[in-house]
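**Q** Have a look; sequence and predicted model below, questions after that.
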Amino acid sequence: SGMANTASITIRSTVTNEGFIQNWLILGPVLWENNGTRLMADQLSPRAEREARFPVQETELKQIAPKEGDFGTGLAKHLRWTLHSNQDQNRRIWFGDLLGDHQAVAYAYTRVQSDQDQNVTLQVSHDESVIIWLNEELVHLETEYIGFYPDRIDEVEVELKEGWNTLLVKIGNRDHGWGFEARFAKKASLFSEEYTPLTDLIVSPQPAAESG
């Protein structure tokens, strides 16, 4: 199978100088007209219906491990997970450029390697609404647009475990541009308000071929 793998070289990389994650598998746009239910509906559920009055709800435990080229599920079953990597120091994953502007949601998935169990702060900017699952558990939900770093950033206390950690971000969009930025940071000290971004994390949206 040696030749078969050359088409999808696994990108392993560090993050930007400011700690922002650049490498993701992206699925979207999953079209959804209803502003009121867009974020909280589980568009990836096999039972999802576009016009449902009472949509299937997003879940606190979301167990997905997509590979590049995999088709989505539910309303995304015609879409494929696509590997995206920002260039240079570009920290913003901008769905407007990647997917166009739609009344829709998009999902972004990646894996981050930590050398130890550690309590950290997940910092995320988003346009518009966002849900985040870390290691398959819902850790953050914000329905309002907040703008971008350095002016506005959501801060969520989370725990990275030693080894690989999965990160899944869902962004909802009503109109015009949409996207997000995400990084992990640590407080400089217990009583400090200053954060030091984690800049030595290894990022790999999917396992390297050699690990089976």
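**A** Sure, I can see it.

**Q** so where's the chain shaky on pLDDT?
**A** The model of the chain has pLDDT under 70 over residues 1-12, 209-212.

**Q** make it 90
**A** 1-14, 50-53, 87-88, 144-152, 175-177, 187-194, 200, 206-212 (pLDDT under 90).

**Q** For it, just list every one of the strands.
**A** For the chain, the strands defined by DSSP state E occupy 23-31, 82-85, 93-94, 104-114, 118-127, 129-134, 137-142, 154-160, 163-173, 179-187, 195-197, 202-203.

**Q** Out of these, flag the one nearest Ala65.
**A** Among the strands of the chain, strand 163-173 comes nearest to Ala65, with 7.2 Å by CB to CB. Quick note: C-beta positions are derived from backbone N, CA and C, even for glycine.

**Q** Run the chain-centre distance for that closest one.
**A** Between the centre of strand 163-173 and the centre of its host chain there is 3 Å, according to CA atoms, centre = their mean, to the nearest Å.

**Q** for it, which positions count as buried?
**A** Residues of strand 163-173 classed as buried: Asn165, Thr166, Leu167, Leu168, Val169, Lys170, Ile171, Gly172, Asn173 (neighbour count, 16 or more other CB atoms under 10 Å).

**Q** and it, what does it pack onto?
**A** Under the contact criterion of 3 or more CB pairs under 8 Å, 6 or more residues apart in numbering; DSSP states H and E, strand 163-173 touches strand 104-114, strand 118-127, strand 129-134, strand 179-187.

**Q** Let me have those strands in TSV, extended by mean neighbour count and distance to Tyr145.
**A** Output for the helices and strands packed on strand 163-173, formatted as TSV (neighbours: other CB atoms under 10 Å; distance: least, CB to CB, whole Å):
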stretch	mean neighbour count	distance to Tyr145
strand 104-114	23	14
strand 118-127	20	5
strand 129-134	23	7
strand 179-187	22	11
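
**Q** Make CSV from those strands and add distance to Pro29 to it.
**A** Output for these, formatted as CSV (distance: least, CB to CB, whole Å):
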stretch, distance to Pro29
strand 104-114, 4
strand 118-127, 14
strand 129-134, 14
strand 179-187, 12
